[in-house]
Structure formats: structure tokens, C-alpha cells
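Participant: this one's sequence-less:
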């Protein structure tokens, strides 16, 4: 039986308080709805996607679908003022006499593959399915400004989406609902419960990350989820990596030791043509001329550059009051200005190849760290720089991403922190594996965390 995902994107975002509906606000360079569409595109159990949106945004959605090759989308239709009007529009436009319909809010961009799959799987046995998480707060029933009662939390849950149904069941529920002169509905499961009271609604376990972006503060939470790499988990698919790497031309700045060297070795094993530049062989990324010479040398040999990786970094561990002017200039020039230089000088090459730029940050970017304030602050700048470039360069078909490794056993770390228990650190090889997996993906604007 065909499984059709319906993405509900007609909301005006009145509670959100922005001029544009919240589903079209950008997170890390991509509209929120794009994350949602990509989740359903990726789900192997979903055969087709219908998007329901406002009249004035159908072309905008069409652009997102076309630009990102979301080929499961077969229809983009106009919805109504109320949620139920949008759901009903989708039901009516489905030609199949019977199928599974999986409704999902466009503003729940972090729905997992597990949740989507569990909803579809449940429809093999049940006719109606909801996604529910446990309540974290005490729920109270109120009247005016006083509490009437406090229900037993053991019997309460918080509803999410997707909500999934057999088409015949949800159609019958809507026919009865729409016959009511004074109809009120919060969601599709509510309509089934009220108008088909003998039809049980099965519960699929939800996830806290599958939250609905409703208020401005939700954007900050969503942005942190993306920055921490929770959304974009790259798959270490050796066959896919090998296919991608074969004959790919990769330039690594900082490939003489540590993570950069591990990337070089592994990429070559997969058949890539890899070139490494660092101060060891006369390339200082704080100097644009050095970068240009390196890139032109590769271009002369290979006639193209598919990927540029910048792993160069310097960590000076001392209080800023003890730093010399030379320390400060070196730190800023290498860690931030150098990254800017690499990006600028790589732009035309990556535009030509429709390639990828990979930057490196550090887990210290999330909070300024005493005794290496310039390092942690520059790594925070790299995250924002990556997200901004991904947005700027999207029209040039250049993908820009960032790797965020936890503490990793590298010569730079050993020099600054001494000998640490090896079981507490990532290896450079583990970070290299994730980097190659990222290069083999279609991600852009993502901060991919690598954890022990």
C-alpha cells in the first residue's frame, strides 16, 4: 500500500511574531520546511510527498523542492486558514482509493527516521496512529485564574506529529466532522477520536527533539541542535565513500600532521587525488598568495578541485594578559583570517566543480574557555562563518560544512595539554572517517559533531 507524507505548511506564524511564516525562516542557511522535506525524502518507507501551503508561498516551496531535488514531492497545493482545512485539502487531492496518509507539521524539522518508520509500520495493524511523549511538567486544569484539578500525569502525554491514518478512516472521520455546523478541531487524531469513537488510536513513542517551532526562543534551541550535529548524522557507508572519493581532487590545508594527515591517508586509500599544504611545505594560510599558489599548482595538475579542507589551527594556552602581541596576531591570523582566506581563494574553483568546503571548529566553540579565550572564540566564529557561507554560496552550488570534533589525540593537543588517558580522546582516524562521510553527503550549512 502506498505511503503518502503530507507536510502541513499553511500556518501564518501569528504566535511566532515574524513577518514571514515560521516554516520559511532559515536555520543554518536553510528554510525550516526544507529540513522537514528532506527527512521525508530520506525515509525509505515514504513513497510520495504532498505539501500544503499558503497561496502566496506555493512558488517558494516549489523552488525549494526543485533546487534540492526533493523528487518525492508530487503536489504542492493551497491549504486553508484552519489546520483541518489543510488536512482535508490533502485528503481530497489523493487519487488512490486506499493508502496510508502520514500528516506532519512543517515546523517539526527534527523528526527522526525512527519515528516516521514506526508510524508507517504501525499502520500494518492499526488504522490511526499518533506520536506521543511523556509530559515533563505537571498539567493542571484551570478555570479563569484558579486551578480546577490536577490530572494524574501517568495517564497524560504530549501529542506530536506525524499522525498517520488509513485514507478510508480519516476520510470517514472528516465527513462526519464537516457535517457539524459548529466544528472545532485541534488535530486529525482529535477528529478521529471524537467522530469515530470505536476506532483506537495507537501510540508511537515520540522524542523531545521532535518539537514544534512555535515561539522565537524555539529558534535558538533549533539552531543549537543543528550546531551540535544532532540533526545531521553522516553515515559511515564505506561503499558510498569509495564511490564518491574515486578520482576526486581534494586539497587539504594542514595535512602534514594530526587530523589533516589522517584525512589525507584515508582519502588516498579510497582512490582520491589528495594534495596537502601547510607551513611544513611553505604554505601559510594567513597569506593569500600562498593559498593561491597551492590551488593553482593543483589546478595545473588536475584541471579541477572538488573539495577544500582546512584543518589548520593554533592553540596558545595562556591567559590573554600573558599573551604577546605576536601570540594574539598569530592566533587570529591562523584560526580566523586564515579560514577566510582559504574560503575566498577557493571560491572560483569550487564554483566550477560544484564542490565542498570543509572547515574545522572545536567543541570549545560553545563556551569561552579560560586560558585559551582566543582559540575558543575564533572557533565560534568559524561556526557562524560556515553557516553564513553555506547560505551565500548556495546559488553557486557550493556546499559548505564544518566538522566539530571532541577532544582529539593530535600533536597540537599533546603540546598544550600533555599526555591524557587515550580512552578519553578521539583518534584522528575517527575524525577523518566522519570527514570523508561528510564529503560523500549532500549536506550544506551543517556542523557535524564527532563524539567519543
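Facilitator: Thanks, I have the structure now. Just so it is clear, the structure is predicted and the values come from calculations on it, not from any experiment.
Participant: Three-state assignment for residue 162, please.
Facilitator: When classified by DSSP: H, G, I helix; E, B strand; the rest coil, residue 162 comes out as strand.
Participant: List the beta-bridge partners for the spatially closest residue to residue 267 that is not a sequence neighbour.
Facilitator: By the measure of CB to CB, 6 or more residues apart in numbering, the closest residue to residue 267 outside its immediate chain neighbours is residue 274, 4.8 Å from it. To be clear about C-beta, it is placed using only N, CA and C from the backbone, and glycine gets the same treatment. Here residue 274 sits in beta bridges with residue 250, as judged by DSSP bridges.
Participant: wait, residue 274 sits on residue 261?
Facilitator: No. In terms of CB atoms under 8 Å, residue 274 does not count as a neighbour of residue 261; the distance is 10.5 Å.
Participant: who's more crowded, those two?
Facilitator: Counting neighbours by other CB atoms under 10 Å for residue 274 and for residue 261 shows that residue 274 has the greater number, 23 against 20.
Participant: count of neighbours near residue 184?
Facilitator: Burial of residue 184, expressed as a neighbour count using other CB under 10 Å, amounts to 10.
Participant: ok, now which ones touch the residue nearest to residue 267?
Facilitator: When the contact criterion is CB atoms under 8 Å, 6 or more residues apart in numbering, the partners of residue 274 are 250, 251, 252, 255, 263, 264, 267, 268.
Participant: Widest-spaced pair of those residues?
Facilitator: Spanning the widest gap among the contacts of residue 274 are 251 and 268, at 13.2 Å by CB to CB.
Participant: out of the two, which sits in the busier spot?
Facilitator: In this view residue 251 and residue 268 are compared by other CB under 10 Å, and residue 251 has more residues nearby, 28 against 13.
Participant: That one touches residue 275, doesn't it?
Facilitator: Yes. Here residue 251 lies in contact with residue 275, judged by CB under 8 Å, at a distance of 5.2 Å.
Participant: returning to what we had before: among the contacts of residue 274, which one has the most neighbours?
Facilitator: Of all the contacts of residue 274, the highest neighbour tally under other CB under 10 Å goes to residue 263, namely 30 neighbours.
Participant: Next up, identify which helix or strand that one is on.
Facilitator: Under the assignment given by DSSP states H and E, the secondary-structure element containing residue 263 is helix 258-269.
Participant: got the contact list for the helix or strand hosting residue 101?
Facilitator: In this structure, residue 101 sits in strand 100-105 according to DSSP H and E. With contact meaning CB under 8 Å, 6+ apart, strand 100-105 is reached by 1-8, 36, 40, 46, 87, 90-91, 94, 111, 116, 119-120, 123, 161-167, 170, 188, 212.
Participant: what's the pLDDT at the nearest residue in space to residue 320 that is not next to it in sequence?
Facilitator: When the adjacent residues along the chain are set aside, residue 320 lies closest to residue 373, with 5.4 Å between them (CB to CB, 6+ apart). We have a pLDDT of 89 for residue 373.
Participant: Can you report how many residues neighbour residue 373?
Facilitator: As a burial measure, the neighbour count of residue 373 was computed by other CB under 10 Å and equals 17.
Participant: Surely it touches residue 321?
Facilitator: No. Between residue 373 and residue 321 there is no contact under CB under 8 Å: 10.3 Å.
Participant: before we move on, the earlier item: please identify every residue contacting each of residue 251 and residue 275.
Facilitator: If you check residue 251 and residue 275 against CB under 8 Å, 6+ apart, the residues they both contact are 294, 298.
Participant: Next, the contact list for residue 386, please.
Facilitator: Under the criterion of CB under 8 Å, 6+ apart, the neighbours of residue 386 are 359, 361, 400, 401, 402, 445, 447.
Participant: hang on, the first one packs against residue 401?
Facilitator: When you say that, I think you mean residue 359. Yes. The pair formed by residue 359 and residue 401 meets the contact definition of CB under 8 Å, at 7.4 Å.
Participant: what about residue 255, is that helix, strand or coil?
Facilitator: coil.
Participant: how far away is it from residue 97?
Facilitator: 59 Å (CB to CB, to the nearest Å).
Participant: can you map out the strands along the stretch 101-250 of the chain?
Facilitator: When secondary structure is read from DSSP state E, counting those that start in this stretch, the stretch 101-250 of the chain shows strands at 128-133, 141-143, 146-149, 158-166, 202-205, 249-253.
Participant: For the longest one, name the packing helices and strands.
Facilitator: Contacts of strand 158-166 with other secondary structure elements, assessed using 3 or more CB pairs under 8 Å, 6 or more residues apart in numbering; DSSP states H and E, are made with strand 100-105, helix 113-122, strand 128-133, helix 188-195.
Participant: So which of the ones you listed is the most surrounded?
Facilitator: Mean neighbour counts were compared across the helices and strands packed on strand 158-166 using mean count of other CB atoms under 10 Å; the top stretch is strand 100-105, at a mean of 26.
Participant: Okay, and the residue nearest to residue 185 when sequence neighbours are not counted sits in which element?
Facilitator: Among residues not flanking residue 185 along the chain, residue 84 sits closest, at 4.7 Å (CB to CB, 6+ apart). Taking DSSP H and E as the criterion, the element that holds residue 84 is helix 83-93.
Participant: what pLDDT does residue 395 get?
Facilitator: In this prediction, residue 395 has a pLDDT value of 88.
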